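1. this one's sequence-less:
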């Protein structure tokens, strides 16, 4: 490689850093692209572009650049202590939780007082359902940052996950003292109210979160949660409105699409057209547990209720979906001429939290 090409690479790297410091991420990214084009083995340019892509929330591309930077400069972690965090968060966002834990743990071995590594690892433990380990890391984070509001919100999520609702609400209240307009704290309050079947309280809490939260995708998830609580209150008009608004924010939201289908079940016949719609919903995210449920119900709508029932009975369903599975098991049993089993399944669905509004007469008889 010529000296001129190297000089061009360094010049473009400098321009990228100039744009980066001024928050002009798109221009910074283009400059880093040009730097790499001029000098393909310039490790610093990959690292810089990775940081830019991280800020742009392009997790897969950021991860690729971080890994290439490491290959080109193996000692990078010693001079850039944030690299473990960045690598781990990319993997966390990509739901590669085991790899994320490895990055955060290796970072803490090298930098045991790096607070955000404890926070990120606690977040990952929460995603994995390893609540006790998450609580230990969250406490370590709060020890290093005693008034970090995000730490109290995370601790409230961990308490909620372990069904310690009193502790969760206490942390939410403290977080709101530190930052009164914190949308995430209201969201946790809404989740606790939902778990305690205080549906009116949940609607109010999610409403406050939605009023305070700017990001559309976050609003989509919270709109779905509020819709579920509206369902529990048999307020179908508000349920449908929230689900439609969630899909306007995030058209590929499988859970919103599935719940909207169910909320409109009075107007849907169990036929091939319904099966086609269900399979389209399932295709939005084939890895989601609800995707299999959609396909199971679609088989029934296509007239294959025996296949539908087999799928519903043989699959291990995640916590939170049991009432839906029990309801559709009841529908399948009714269609197959097994009324006693159908009644038992509908009763089980009610006990598991099925909203009364979803006990649709054309399907339950």
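-> Done, it's in. All figures in this text were calculated on a predicted structure; none of them were measured in a lab. Numbers count the residues shown, from 1 in each chain.
2. would you list every one of the strands in the stretch 201-350 of the chain?
-> In the stretch 201-350 of the chain, no strands are defined using DSSP state E, counting those that start in this stretch.
3. any weak-confidence spans in it?
-> Across the stretch 201-350 of the chain, the ranges flagged by pLDDT under 70 are 215-217, 318-320.
4. Quick one: the helices in it, in order.
-> 216-232, 236-249, 254-263, 272-282, 289-301, 305-314, 322-335, 339-351 (DSSP state H, counting those that start in this stretch).
5. Make JSON lines from the ones you listed and add distance to residue 175 to it.
-> The way it works is simple: take the backbone N, C-alpha and C, and place the C-beta from them, glycine included. Converted to JSON lines, the helices of the stretch 201-350 of the chain look like this (distance: least, CB to CB, whole Å):
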{"stretch": "helix 216-232", "distance to residue 175": "17"}
{"stretch": "helix 236-249", "distance to residue 175": "25"}
{"stretch": "helix 254-263", "distance to residue 175": "26"}
{"stretch": "helix 272-282", "distance to residue 175": "36"}
{"stretch": "helix 289-301", "distance to residue 175": "30"}
{"stretch": "helix 305-314", "distance to residue 175": "40"}
{"stretch": "helix 322-335", "distance to residue 175": "31"}
{"stretch": "helix 339-351", "distance to residue 175": "34"}
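6. Residue 27 is nearest to which of those helices?
-> helix 216-232 (24.3 Å; CB to CB).
7. okay, the angle between that closest one and helix 236-249?
-> 160 degrees (axes from the mean of the first three to the mean of the last three CA atoms, to 10 degrees).
8. Helix 216-232 - contacts with which helices or strands?
-> helix 183-195, helix 199-212, helix 236-249, helix 254-263 (3 or more CB pairs under 8 Å, 6 or more residues apart in numbering; DSSP states H and E).
9. tell me which residues in that helix are buried?
-> 218-232 (16 or more other CB atoms under 10 Å).
10. in stretch 105-112, what's buried?
-> 107, 108, 111.
11. From the chain's centroid, how far away is that stretch?
-> Counting by CA atoms, centre = their mean, to the nearest Å, stretch 105-112 is centred 26 Å from the centre of its parent chain.
12. model confidence over it, on average?
-> Across stretch 105-112, pLDDT averages out at 94.
13. Looking at the helices of the stretch 201-350 of the chain, spot the one closest to residue 184.
-> Closest among those, once you apply CB to CB, is helix 216-232, at 8.7 Å.
14. neighbouring contacts of the closest one?
-> Contacts with helix 216-232, where a contact means CB atoms under 8 Å, 6 or more residues apart in numbering, come from 183, 187, 190-191, 193-194, 197, 199-200, 202-203, 206-207, 209-210, 213, 236, 238-240, 242-243, 245-247, 249-250, 253, 255-256, 259, 263, 353, 355, 357-358.
15. Helix 254-263 and that helix, what's the angle between them?
-> 30 degrees.
16. Skipping its backbone neighbours, what lies nearest residue 92 in space?
-> residue 100 (4.2 Å; CB to CB, 6 or more residues apart in numbering).
17. what does residue 176 give?
-> Excluding its sequence neighbours, the residue lying closest to residue 176 (CB to CB, 6+ apart) is residue 185, at 5.1 Å.
18. quick one: contacts for the one you found?
-> Counting by CB under 8 Å, 6+ apart, residue 185 touches 153, 156, 172, 175, 176, 179.
19. The last one against residue 148, yeah?
-> No: counting by CB atoms under 8 Å, residue 148 is not a contact partner of residue 179; they are 10.5 Å apart.
20. Understood, closing this out.
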